[in-house]
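Engineer: Need the 3D shape of this:
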Amino acid sequence: MRKHLLLPFLILFLSTSLFNSVAQSHVSEPQSDWAQSLIKDALKSNFGFNRLTHLTDYYGPRLSGSKTLEDAIDWIVSEMENDGFDRVWKQPVMVPHWVRGKESAILNTPIKKELPMLSMGGSAGTNGKALTAEVLVVTSFEDLENKSELAKGKIVLFNAPFTSYGKTVQYRMNGASAAAKHGAVASIIASVASYSMQTPHTGTMNYEDGVAKIPHAAITVEDANLIERFSKRGETVEITLNMEAKTLEDALSHNVIAEIKGSEYPDEIIVMGGHIDSWDVGQGAMDDGGGCVAAWEALRLIKQSGIRPKRTIRVVLWTNEENGLRGANEYHRWVKKEEKSLNKHILAIESDSGVFDPIGFGFSGSDEAFNILVEIGNELRKADSGEVRKGGGGADIGPLMQDGVPGMGLVVDGSKYFWFHHTAADTIDKLNIDDFNESVATMAVFAALVADITITLPR
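Structural biologist: Numbering: from 1, shown residues only. The predicted structure follows:
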């Protein structure tokens, strides 16, 4: 067939394709302009990063139950009210109150050495006296089972190599009860870290019902390897632990909530945020002060733009993510039972992986919603952070997602995240303003456009 005979068919094909493309577009030209304006405003600002620096410098370690956490929350509420959001409030939550107290670990034999250590959150202490015992080194739960007859009266050291957080964290979570079942008097782990600079890493743990609650702590990867080398040489390794850790009665804390009401569908809600509590070491800059302030700053920039989206955008800074998820569960309970808005929660967005160089979001929800979010992601080409991949969410939005709310978690370059995670080294200097601002831009664009597109994001 000659080319000129193909021309009418080609024109019809191109016209149909163009029509379908336009028909499937969910982001209008004014919305695209708005997105580009939000990106520009975010990338040139130092306002949010200065707020994050203030938060971490003045209200550093923010463990659940602490006065510092509640002082931080009060400061945030005051600042949010100054921002002029439509509504700002504190949601009461009763949270666990564990305190570390003084602690130490001393290697007595075959050499004398003070071991940097951190008790696990929720651990029992050593009952006001030193606990001295020989160390049994194991590399896995299976290895412990094989050496069961050697564990009685010992301090079990789990020296498991870091493979992934999800796998390696099991020794932190369940190591104490596993060791206690075999008669151990205490347990320690090599810190859950992808790289170590003699930094112990803390974190929450579990005790199994009906099993003795023995002290449980982390030492550094370097010292765990040192002890294993001594053990392999046939040396007797002895450690003295002193831990004042104890759990007090539950304490009052709060979720912090701020929102901009939608102009057309105010009952439909896009919620985004992070967790405002942190461990009692470091400043909680990376985990998760940065995620909280990035969501807050995204909402401030949306308000500052002067454009009111069709749907409500709500920021929640959840309390007690680190050792209980009480804030997330209370928000979910309130949404479902009191506000009765679970079915009106259109999308839940979480940032809890550090505000390093953002890549985009991992999303869990319908294919139709995924395709819309991919289209929105195209608006972030300038920030190079618009990738949307399937599978994602977060701990604090987990209860919402379990009840059917689509969820997405900010994906960043996490190559150094587990260098600093739950350590005294989680400080503001580990972050930089450019990465932070790109994270703000990414959250602002997705929240704003999902809130303003004509159709409701399909479930």
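Engineer: in the lengthiest strand in the chain, what's buried?
Structural biologist: Using DSSP state E, we find that the single longest strand of the chain is strand 246-260. Within strand 246-260, the residues that count as buried by 16 or more other CB atoms under 10 Å are Thr247, Ala251, Ser253, His254, Asn255, Val256, Ile257, Ala258, Glu259, Ile260. All C-beta spots, glycine's among them, are computed from the backbone N, C-alpha and C.
Engineer: Walk me through which strands it pairs with, and which way each runs.
Structural biologist: strand 87-99 (antiparallel), strand 311-318 (antiparallel) (DSSP bridges).
Engineer: helix or strand right after it?
Structural biologist: Following strand 246-260 in sequence order, the next helix or strand is strand 265-275 (DSSP states H and E).
Engineer: how about the helices of the stretch 1-150 of the chain, start to end?
Structural biologist: 3-24, 29-44, 47-58, 67-83, 141-146, 148-151 (DSSP state H, counting those that start in this stretch).
Engineer: Pro399: which of the ones you listed is closest?
Structural biologist: Pro399 sits nearest to helix 67-83 of all those, at 20.6 Å, using CB to CB.
Engineer: re earlier: can you check which of the helices of the stretch 1-150 of the chain gets nearest to Glu330?
Structural biologist: Between the helices of the stretch 1-150 of the chain, helix 67-83 lies closest to Glu330; by CB to CB that is 14.1 Å.
Engineer: Name the residues that touch the closest one?
Structural biologist: 51, 55, 58-63, 88-90, 252-254, 256, 258, 276-277, 296, 300, 303, 317, 319 (CB atoms under 8 Å, 6 or more residues apart in numbering).
Engineer: cool, stretch 30-48 as well?
Structural biologist: 27, 293-294, 296-298, 300-302, 304-305, 307, 376, 379-380, 382-383, 433-434, 436-438, 440-441, 444-445, 448-449, 452-453.
Engineer: Which members of these are classed as buried?
Structural biologist: 27, 293-294, 296-298, 300-302, 307, 376, 379-380, 383, 433, 436-438, 440-441, 444-445, 448-449, 452-453.
Engineer: what secondary structure does the residue nearest to Gly392 when sequence neighbours are not counted sit in?
Structural biologist: Excluding its sequence neighbours, the residue lying closest to Gly392 (CB to CB, 6 or more residues apart in numbering) is Gly362, at 2.1 Å. For Gly362, the assignment made with DSSP: H, G, I helix; E, B strand; the rest coil gives strand.
Engineer: which residues touch Gly362?
Structural biologist: Per CB under 8 Å, 6+ apart, neighbours of Gly362: Val388, Arg389, Lys390, Gly391, Gly392, Gly393, Met408, Gly409, Val411.
Engineer: Of these, just say which sits nearest to Lys213.
Structural biologist: Distances from Lys213 to the contacts of Gly362, taken by CB to CB, are shortest for Gly393, at 31.7 Å.
Engineer: got the helices of the stretch 1-150 of the chain as JSON lines, with mean pLDDT, distance to Thr236 and mean neighbour count columns?
Structural biologist: Converted to JSON lines, the helices of the stretch 1-150 of the chain look like this (pLDDT from 0 to 100; distance: least, CB to CB, whole Å; neighbours: other CB atoms under 10 Å):
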{"stretch": "helix 3-24", "mean pLDDT": "40", "distance to Thr236": "71", "mean neighbour count": "9"}
{"stretch": "helix 29-44", "mean pLDDT": "97", "distance to Thr236": "59", "mean neighbour count": "17"}
{"stretch": "helix 47-58", "mean pLDDT": "98", "distance to Thr236": "44", "mean neighbour count": "19"}
{"stretch": "helix 67-83", "mean pLDDT": "98", "distance to Thr236": "42", "mean neighbour count": "17"}
{"stretch": "helix 141-146", "mean pLDDT": "98", "distance to Thr236": "19", "mean neighbour count": "14"}
{"stretch": "helix 148-151", "mean pLDDT": "98", "distance to Thr236": "12", "mean neighbour count": "14"}
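Engineer: Make a markdown table from those helices and add distance to Phe162 to it.
Structural biologist: What follows is those, written out as a markdown table (distance: least, CB to CB, whole Å):
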| stretch | distance to Phe162 |
| --- | --- |
| helix 3-24 | 44 |
| helix 29-44 | 34 |
| helix 47-58 | 26 |
| helix 67-83 | 29 |
| helix 141-146 | 16 |
| helix 148-151 | 23 |
